[in-house]
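Trainee: what follows is a predicted protein model with its sequence.
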Amino acid sequence: ELETAEDSEADLQPRAPVVAVMGHVDHGKTSLLDALRGSGVAGGEAGGITQHIGAYQVTMKDKSKITFLDTPGHEAFTEMRARGADVTDIVILVVAADDGLMPQTIEAINHCKAAEVPMIVAINKVDKEDANPQRVRERLLEHEVIVEEMSGDVQDVEVSALKKTGLDELIEKIQLQAELMELKANPDRAAEGTVIEAKLDKGRGPVATILVNRGTLKVGDVFVVGAESGKVRALIDDHGKQVKKAGPSMPVEVLGLSGVPMAGDPLQVVDSETRAREVAEYRSSVLHQKRTAQAPA
Ligand code: GDP
């Protein structure tokens, strides 16, 4: 198996926070992600030419960046966590101000607590006539989520994804939370990343969206990803543009895989193609053994 060296403190540099959006169905996760996507400098000027690759990065006016996982719903988050991939730094809990706390809201709260991932509560749909943000804050108390307004330390913000209000404040709160966490990674090493999503593309073959955790992934790099291996043929960013490299917290589509890996699989850059194939073959034989052992006689 592959062993990776730890980074020394001196090599660490600040990296963008990775943010996931969770909440009950129809409370506005998709709308909020779309609104946030348009809130950066690039989003405003690019005329909405965006690709859905499972994650995107927004560059703010002060040049700072935030990475959003845009697979709404809890599957991505829970599935990846179940597989040991903790890619999410911060969760935005979306609660519709008219609907209030619903079963999937509570489920999301429990996931965050179990994962010890800090939450920011976005009370959405405050433009609606029957919106009652205060009621949301009170109900959150019952689940031991004590927001700032209730003298707690969980940040909350009233937003309308529809009217695009409160977004700047939400972004400020994400940045504040990220600062507190002092998120860092070494960009100058062989890359390690995590599969956000993967598919077999008709024209391009196996494609995986990789979120780089540390190091810098480059065209030509040889890698192992789950039980697959490969050599980076091309890297494509969330605007559909080819890039030569991707550093920490950047999501990119990777072309040049031997097969389709699973969401949550780790990617590691290795020295040689022989080594990459060996590790991938070893892993796929272990996977195969597990499956045969589990299969009923
Ligand atoms: P998701 O299932 O959590 O991803 O929710 P969606 O983003 O698909 O939103 C569900 C519905 O709520 C859609 O009809 C949206 O147009 C609507 N919606 C989302 N945000 C707002 C908002 O801030 N105000 C109002 N009035 N409607 C919203």
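Mentor: The structure has been received and is ready for your questions. Nothing here was measured: the structure is a model prediction, and the numbers come from that model. Numbering: from 1, shown residues only.
Trainee: excluding its backbone neighbours, what's nearest residue 88?
Mentor: residue 20 (4.4 Å; Cβ to Cβ, 6 or more residues apart in numbering). (Each C-beta comes from the backbone N, C-alpha and C, glycine too.)
Trainee: how about residue 222, what does it touch?
Mentor: Remark: with contacts taken as Cβ atoms under 8 Å, 6 or more residues apart in numbering, residue 222 is in contact with 229, 230, 231, 232, 269, 270, 271, 272, 273, 275, 276.
Trainee: inside helices: which ones of those residues?
Mentor: Within the contacts of residue 222, residues falling in helices by DSSP state H are 273, 275, 276.
Trainee: now the buried members of the contacts of residue 222.
Mentor: Using 16 or more other Cβ atoms under 10 Å as the burial test, the contacts of residue 222 include 229, 230, 232, 269, 270, 276 as buried.
Trainee: okay if I get the ones in helices among the contacts of residue 222 as JSON lines plus pLDDT and distance to residue 134?
Mentor: Below are the ones in helices among the contacts of residue 222 laid out as JSON lines (pLDDT from 0 to 100; distance: Cβ to Cβ, whole Å):
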{"residue": "273", "pLDDT": "93", "distance to residue 134": "60"}
{"residue": "275", "pLDDT": "93", "distance to residue 134": "59"}
{"residue": "276", "pLDDT": "93", "distance to residue 134": "56"}
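Trainee: for the helix or strand hosting residue 209, packing partners?
Mentor: Assigned by DSSP states H and E, residue 209 belongs to strand 205-214. Applying 3 or more Cβ pairs under 8 Å, 6 or more residues apart in numbering; DSSP states H and E, we find strand 205-214 packed against strand 192-201, strand 251-257.
Trainee: on that earlier part again, and of the ones in helices among the contacts of residue 222, the nearest to the ligand?
Mentor: In terms of Cβ to the nearest ligand atom, no member of the ones in helices among the contacts of residue 222 lies closer to the ligand than residue 276, at 38.0 Å.
Trainee: can you give me the buried ones in stretch 171-188?
Mentor: Neighbour-count burial for stretch 171-188, with 16+ other Cβ under 10 Å as criterion, is recorded at 171, 173, 174, 175, 177, 178, 183, 185, 186, 187.
Trainee: which helices and strands sit right next to the strand or helix carrying the second one?
Mentor: Yep, that's residue 173 we're talking about. Here residue 173, judged by DSSP H and E, is contained in helix 167-181. Using 3+ Cβ pairs under 8 Å, 6+ apart, the elements in contact with helix 167-181 are helix 29-37, strand 65-69, strand 90-96, strand 119-124, strand 155-158.
Trainee: burial of the residue nearest to residue 145 when sequence neighbours are not counted, as a residue count?
Mentor: Residue nearest to residue 145 in three dimensions, not counting chain neighbours: residue 154, with 5.5 Å by Cβ to Cβ, 6+ apart. Neighbourhood size, residue 154 [other Cβ atoms under 10 Å]: 20.
Trainee: all further residue positions should be reported with the first residue as 18.
Mentor: Will do, 18 is the new start, and the previous item becomes residue 171.
Trainee: ok, what's across the strand from residue 171?
Mentor: Taking DSSP bridges as the rule, residue 171 bridges to residue 164.
Trainee: check contacts around it.
Mentor: Neighbouring residues of residue 171 by Cβ under 8 Å, 6+ apart: 135, 136, 137, 138, 157, 162, 163, 164, 165.
Trainee: make a markdown table from the ones in helices among the contacts of residue 239 and add distance to residue 210 to it.
Mentor: Shown next, in a markdown table, are those (distance: Cβ to Cβ, whole Å):
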| residue | distance to residue 210 |
| --- | --- |
| 290 | 18 |
| 292 | 18 |
| 293 | 15 |
